[in-house]
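**Q** Sharing a model that was predicted from the sequence below.
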Amino acid sequence: MWQYWKTVSLTKQEYIDNHKLGTGAKLWEQLANHPGTGAALIILCAAMPESRGGGDLSLYSNDKNYNAITRRTIGRWAGDRIALVGDYAEQSDLPPSDDADLIYHLCDSEEGIDVAASHWEKCEWSDDPETKAYYADKARRLRAAEPYTDISEDVCVVIERELGGRFVGDGW
């Protein structure tokens, strides 16, 4: 089984959904597909305040809705702690306060989070009391944590506008 990855801002507890960006979740799939994760990170991490002449991106247009999206998206993660976190992450992969072992699952719907927590609570794959206790604690921490926010829609709007393309369907 391969590991799947989410690109997250640990600072803002936000993420971009690979499939909405038209790419898979494996690292190679994200590296090899353009536009995708790389284009999203360029948009999100650009330290480009409006007041200093901007850059090569279309910061302004006649479309007020688009202008609002660019203002809240371009540079949104500039200066943030950003990571790609896999579904096999362990808590020790990042500082303990980041709960690295939960992040991938926190980048899901409430239903998806509940499914993961329920799976860990049942722990049907083991009879070992220590393993059961470990997964029960992990499920408790997951249920208590704040879900991450998906900001993919805004990122897709900016990529579409800048590159003159269109994401269709679910992107994947």
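**A** Perfect, thanks for sending it.

**Q** Tell me which stretches of this structure form strands.
**A** 5-9, 14-16, 82-86, 149-150 (DSSP state E).

**Q** Okay, buried residues for stretch 107-126 please.
**A** Applying a neighbour-count criterion of 16 or more other C-beta atoms under 10 Å, one finds 107-108, 113, 116-117, 120-121, 123 buried in stretch 107-126. C-betas here are computed from N, CA, C, even on glycine.

**Q** before we move on, what about stretch 68-84?
**A** Using 16+ other C-beta under 10 Å as the test for burial, stretch 68-84 gives 69-70, 73-77, 82-83.

**Q** residue ranges of the helices in this protein, please?
**A** 27-32, 37-45, 64-73, 100-106, 110-122, 129-144, 152-163 (DSSP state H).

**Q** These: which one's closest to T7?
**A** With C-beta to C-beta as the criterion, T7 lies closest to helix 37-45 of those, at 5.5 Å.

**Q** remind me which residues of this structure are low pLDDT?
**A** 1, 49-56, 59-61, 169-172 (pLDDT under 70).

**Q** re earlier: export the strands of the chain to JSON lines and tack on distance to V168?
**A** Shown next, in JSON lines, are the strands of the chain (distance: least, C-beta to C-beta, whole Å):
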{"stretch": "strand 5-9", "distance to V168": "21"}
{"stretch": "strand 14-16", "distance to V168": "18"}
{"stretch": "strand 82-86", "distance to V168": "25"}
{"stretch": "strand 149-150", "distance to V168": "18"}
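
**Q** Those: which one's closest to G38?
**A** G38 sits nearest to strand 5-9 of all those, at 9.8 Å, using C-beta to C-beta.

**Q** For that closest one, which helices and strands make contact with it?
**A** The helices and strands touching strand 5-9, judged by 3 or more C-beta pairs under 8 Å, 6 or more residues apart in numbering; DSSP states H and E, are strand 14-16, helix 27-32, helix 37-45, strand 82-86, helix 100-106.

**Q** Need those in a markdown table (columns: distance to Y148).
**A** Below are those laid out as a markdown table (distance: least, C-beta to C-beta, whole Å):
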| stretch | distance to Y148 |
| --- | --- |
| strand 14-16 | 5 |
| helix 27-32 | 17 |
| helix 37-45 | 14 |
| strand 82-86 | 10 |
| helix 100-106 | 5 |
